[in-house]
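Novice: Sequence below, structure please.
(chains A and B)
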Amino acid sequence: MGLQIYNTLSASKEEFVPLNPGEVRIYVCGVTVYDSSHVGHARALLTFGVVYRYLKFLGYQVTFVRNFTDLDDKIIDRASREHTTCDAISARYIDEFNRDSKALGLLAPAHEPKATEHIPEIIALIRRLEEKGMAYQVDGDVFFPVQSFPGYGKLSRRNLEELEAGARIEIDERKKSPLDFALWKASKEGEPWWESPWGKGRPGWHVECSAMSTKYLGQPFDIHGGGLDLVFPHHENEIAQSEGAFGRTLARYWMHNGFLNLNKEKMSKSSGNIFTIREITAEREAEALRHYFLLSHYRSPLDFSNQGLDEAERSIGRIYETMVRVEQATAGAGSAMPDSALLEAFRREMDDDFNTPRAIALIFEEVRSLNRLLDDGRTERLGGRAAALKVMAEALGLLHRSPQLFVESRRERWIKKQGLSEAGIKELIARRDRARREKRFEEADRVREELKEMGIALEDTPGGTVWKVR
RNA sequence: GGCGGCGUACCCAAGUGGUUAAGGGAGAGGUCUGCAAAACCUCGAUGCGGCGGUUCGAAUCCGCCCGCCGCCUCCA
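Specialist: Numbers count the residues shown, from 1 in each chain, chains lettered A, B, ... in the order given. Down below sits the predicted model:
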């Protein structure tokens, strides 16, 4: 059995069969660039980053597209509050996003289209809908009549009656149904605008993704992803537009990641309970955040906690330290072929809808097993197993640095945060070593204690005393 | 109101009918060590929110109840 993916469309796991053998085309809704991205965004980014990596691990030729929404009411608001242009706002946050993305270890997508650079494609799509009677114009606004698309609600499992009954949306009397959504909006004074058959205006939100995904990936394409909150109405509307316009399936597998909560509540800008990606990556290793997310399944809700992050950071350190031991033990042995049984086990876990918690458990079982071999001095099969471990970690986006760098980075971060000096620490260690050589153990233990209070642990190894952040 | 999700040990978290309920952290004991740390070994849920039911057999299926959360409005 190959890869199984939970498809929101069928609400069940399905065997993944790409449209073209050996090739996968995937589109993920990116961020709206009106503010800093928060760790909730990071979860979505990392989730689909791992999907991307794992598909590559499986040997697929993957075309990954993730957009920027750089045209939106919130960007307009922000620009007017700061007396600047929308372009300036989106440029600033795209720039910031790119830094975050790099810090998080995300692989670059093949394309990162921006809404503002695809106005002609958007207009063409709306015109096509018009020709099919699936768009109507009122005062320069163009709406999509949801009644005209028979499958409306199939993704979010709702029907029109239910939706209309529960609708809490403000009534726009000009719309035929309260659920009809804007394809094109007439621009007000001071807003960005483009010439169109309906006058000066700008696209609605949903239509950009329909236009851009199809431009880069064709229709249908294989996987469409995003956060759970996009199922309705965003993705539902994308389906209505694209399938309405072309009479063909938009995307075959729909994947949605669960939320990141803070104190049990959804992390969102409007409620103010957020941590930005920058805040977190300034405080600790980005890899800790990735590991933390991987520890629970992507569809489960996850409550963000500092304790969890601390644990994750230590866990990553444990894997790295084992890698250091393996490297030392196999130095000069040349590169080994990755152990195939291990890779097979990894694949079995990941094939089950990207079950990263199980994959991580497998990694830890292997870490323990490697340490046991190391302790026993049995190094014959070490190379192949360590090589497999690296391949697995790569597929998850972990262990992308040298172990030494990870340890040093943690040290430097800690020293800086605590206002310590490396020279001072080394001085203390030297003092302790002198005391130990002279068998003044009370003195040596006092120094150990002193360093421990600074959060620094000493390890006396055959190669000398090493120190690390605890 | 409609639709959906979640509740597994001190904490985090896999597991959707069948051997001893993964893995990590914390804790206890041990090996090692001048002492430690790291690593390794051993021990921690007779029970999976509660009550019923189906079944030879259920954390897993069904029903009811309790608690928490999300979507239905911009939202990863």
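
Novice: Is A:V65 bridged to anything, and to what?
Specialist: Beta-bridge partners recorded for A:V65 (DSSP bridges): A:Y27, A:H111.

Novice: Give me the number of neighbouring residues for it.
Specialist: By the criterion of other C-beta atoms under 10 Å, A:V65 has 22 neighbours. Using the backbone N, CA and C atoms, a C-beta is placed for each residue, glycine as well.

Novice: swap in A:F68?
Specialist: As a burial measure, A:F68 scores 21 neighbours (other C-beta under 10 Å).

Novice: list the contacts for it?
Specialist: If you count contacts by C-beta atoms under 8 Å, 6 or more residues apart in numbering, A:F68 has them with A:G30, A:V31, A:V33, A:S90, A:I94, A:F97, A:E112, A:P113, A:K114, A:A115.

Novice: same thing but at 10 Å, please
Specialist: A:30-33, A:90, A:93-94, A:97, A:112-117, A:208, A:212 (C-beta atoms under 10 Å, 6 or more residues apart in numbering).

Novice: how close does A:L19 sit to A:A333?
Specialist: Shown here: A:L19 relative to A:A333, a distance of 43 Å by C-beta to C-beta, to the nearest Å.

Novice: about what we covered before: I'd like to know which of the contacts of A:F68 are part of helices.
Specialist: Among those, the members falling in helices (DSSP state H) are A:S90, A:Y93, A:I94, A:F97, A:E208, A:M212.

Novice: Briefly note if the longest helix that chain A contains comes near RNA strand B.
Specialist: Longest helix in chain A, counting residues (DSSP H): helix A:306-329. Yes. Using C-beta under 7 Å from any atom of the strand, helix A:306-329 reaches RNA strand B at A:Q307, A:G308, A:E311, A:R314, A:S315, A:R318, A:E321, A:T322.

Novice: how many neighbours does the closest residue to RNA strand B within the stretch 101-250 of chain A have?
Specialist: Nearest residue of the stretch 101-250 of chain A to RNA strand B (C-beta to the nearest atom of the strand) works out as A:G227 at 2.0 Å. Neighbours of A:G227 under the rule other C-beta under 10 Å: 20.

Novice: Identify the spatial nearest neighbour of it, chain neighbours not counted.
Specialist: Excluding the flanking residues, the one nearest A:G227 by C-beta to C-beta, 6 or more residues apart in numbering is A:A44, at 4.9 Å.

Novice: Does that neighbour touch A:V50 like I think?
Specialist: No. The pair A:A44 / A:V50 is not scored as a contact, 11.1 Å apart, by C-beta atoms under 10 Å.

Novice: Identify the contacts common to those two.
Specialist: By C-beta under 10 Å, 6+ apart, the residues touching both A:A44 and A:V50 are A:F293, A:Y298.

Novice: neighbour count winner among those two?
Specialist: Neighbour count, other C-beta under 10 Å: between A:A44 and A:V50, A:A44 has more, with 28 against 25.

Novice: check contacts around the more buried one.
Specialist: A:28-31, A:37, A:66, A:225-230, A:256-260, A:293, A:298.

Novice: Which of those fall within helices?
Specialist: Using DSSP H, the contacts of A:A44 in helices are A:F293.

Novice: Greatest separation within the contacts of A:F68: which pair is it?
Specialist: A:Y93 and A:M212 (18.4 Å; C-beta to C-beta).

Novice: in which helix or strand would I find A:R347?
Specialist: Assigned by DSSP states H and E, A:R347 belongs to helix A:340-351.

Novice: next SSE after the helix or strand bottoming out on mean pLDDT in chain A?
Specialist: Every helix and strand of chain A was ranked by mean pLDDT, DSSP states H and E. The lowest is helix A:160-166, at a mean of 75. Next along the chain after helix A:160-166, taking DSSP H and E as the criterion, comes strand A:181-186.
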